[in-house]
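**Student:** My questions are about this predicted structure, shown below with the sequence.
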Amino acid sequence: MKKNYIFTGDWISGFTQSDGSFVVSFLKQQKGVPIRPQPVFNITQSIVELEMFKALHKHLGIGKIYTNRKNVVFVVKSYRWNSRRNITFIWKTSCKGWKFLAYTIFKEVSLMIKEKKHLTIEGTLQILNLAYLMNKDTSLRNEESLKLLHSKLNLKSNISNSASIGKQTKQTKQTKRASLELLEFVRGVVDGDGSFNISFATTRKRIVANFTVVTEISSISILNQLVDFFKCGTVYKLPSAAARYQVQSIDDILEKILPIFINTKFNTKKQERFEIVIKVCRLIKNSGYANDADLKSIVELAWDMNTSRRKLSKEEYLNKFIKTN
């Protein structure tokens with residue numbers, strides 16, 4: 001049965017916050033200005049979400065889809081933003097944290113290109129200084145490589161310009177939407193970086209429900225906002241330069257997470273896992289799993305949702321914790 005995907009501007013904002021990126025590439029060219037800036041927007045997810053990406057591509061009417069064995073990528077390279085309604089969603093994208101800064105620079109550069117400022121040495125230099133270090137923490141770009149590009153423009157390098165990127169950006173007129181549909185943003189974040197799962201301890205009979213969202217450490221502010229949004233959960237810093245928002249309480253999942261998402265449909269496989277987690281939480285809340293039949297019901301319901309992280313097979317687990325006659 002064909003799934004009915006629900007795409008809104010705020011969902012796209014949340015999904016972009018999780019799995020999207022705004023980049024300005026600088027390409028070499030033989031004629032005219034030796035460097036050509038190119039704004040690139042992309043979203044990446046597991047290949048299992050290919051059908052959802054096809055639907056998103058059709059909905060937006062712009063960009064291309066690329067796939068490999070593991071991932072699907074939606075890419076927009078055009079800067080002709082006013083053709084049709086195609087790129088309107090980018091102007092409505094309200095990312096947060098460091099990604100909001102990248103988005104703001106991306107938008108500014110796109111408008112400069114639309115005004116053909118990139119066709120002059122002066123305009124290209126301005127774009128270069130504004131955008132080159134926009135993703136400094138997640139790229140190999142540095143001030144030395146910026147000097148090399150300056151030299152290609154046959155201009156004296158002035159790195160002090162790049163140091164004022166933050167100041168220039170603050171001076172541009174930018175305001176967040178007055179009325180952000182926060183739920184849609186959160187739905188997008190969860191579709192991108194969220195997880196619903198059930199863990200089974202192997203040393204004792206213990207089952208734990210989990211709702212998590214993991215982001216890079218630079219976007220930890222988003223996770224702190226989730227604590228306020230859901231009125232529950234905890235944020236942890238991870239050793240891998242990342243952070244995790246986590247809810248493990250059965251009561252919190254049923255009484256605080258479920259009421260918010262009860263009329264919401266995720267566009268990814270997260271929807272199926274969310275429904276399973278809710279069923280398991282209700283079973284645990286109502287009857288627990290001390291009884292063999294109750295334990296088996298939960299195992300049959302949830303075991304296959306995350307088999308890659310199971311230390312035992314389903315049969316081994318059941319044989320270990322369920323009494324046999």
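**Tutor:** It's in. Numbering: from 1, shown residues only.
**Student:** Show me the strands in the stretch 201-325 of the chain, by range?
**Tutor:** Using DSSP state E, counting those that start in this stretch, the strands of the stretch 201-325 of the chain run over 207-216, 234-238, 242-247.
**Student:** in its sheet, what does the last one sit against?
**Tutor:** This means strand 242-247. Strand 242-247 pairs in its sheet with strand 207-216 (antiparallel), strand 234-238 (antiparallel), by DSSP bridges.
**Student:** which parts of that strand are buried?
**Tutor:** Judged by neighbour count using 16 or more other CB atoms under 10 Å, the buried positions of strand 242-247 are A242, A243, R244, Y245, Q246, V247. C-beta here means a position set from N, CA and C on the backbone, and glycine is covered the same way.
**Student:** Tell me the one among these nearest to T104.
**Tutor:** T104 has its nearest neighbour among the buried residues of strand 242-247 in A243, at 22.6 Å by CB to CB.
**Student:** For that closest one, list each beta-bridge partner.
**Tutor:** Counting by DSSP bridges, the residues bridging with A243 are T215, K237.
**Student:** contacting residues for the nearest residue to V227 once chain neighbours are set aside?
**Tutor:** Closest residue in space to V227, ignoring its immediate chain neighbours: G233 at 5.3 Å, by CB to CB, 6 or more residues apart in numbering. By CB atoms under 8 Å, 6 or more residues apart in numbering, the contact list for G233 reads F211, L226, V227, Y245, Q246, V247, D252.
**Student:** quick one: which of the residues you listed is nearest V277?
**Tutor:** For the contacts of G233, the nearest to V277 is F211 (7.1 Å; CB to CB).
**Student:** what's the closest of the strands paired with strand 242-247 to K256?
**Tutor:** strand 207-216 (10.0 Å).
**Student:** for the longest strand anywhere in the chain, what is the average pLDDT?
**Tutor:** For the chain, the strand with the greatest residue count under DSSP state E is strand 35-46. In this model, strand 35-46 has a mean pLDDT of 89.
**Student:** before we move on, back to that, go through the contacts of G233 and say which is closest to F100.
**Tutor:** L226 (16.4 Å).
**Student:** In space, what's closest to the closest one - neighbours in sequence excluded?
**Tutor:** Nearest one to L226, counting by CB to CB, 6+ apart, is Y245 at 4.8 Å.
**Student:** Verify the stated contact: the one you found with D228.
**Tutor:** No - assessed by CB atoms under 8 Å, Y245 is found out of contact with D228, at 11.1 Å.
**Student:** Can you measure across stretch 27-47, start residue to end residue?
**Tutor:** Length of stretch 27-47, first residue to last, CA to CA, to the nearest Å: 29 Å.
**Student:** list the buried ones in it?
**Tutor:** For stretch 27-47, a neighbour-count test (16+ other CB under 10 Å) marks V33, P34, I35, R36, P37, P39, F41, N42, I43, T44, Q45 as buried.
**Student:** can you put the residues you listed in CSV and add distance to F26?
**Tutor:** What follows is the buried residues of stretch 27-47, written out as CSV (distance: CB to CB, whole Å):
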residue, distance to F26
V33, 11
P34, 10
I35, 5
R36, 7
P37, 6
P39, 11
F41, 16
N42, 17
I43, 22
T44, 21
Q45, 27
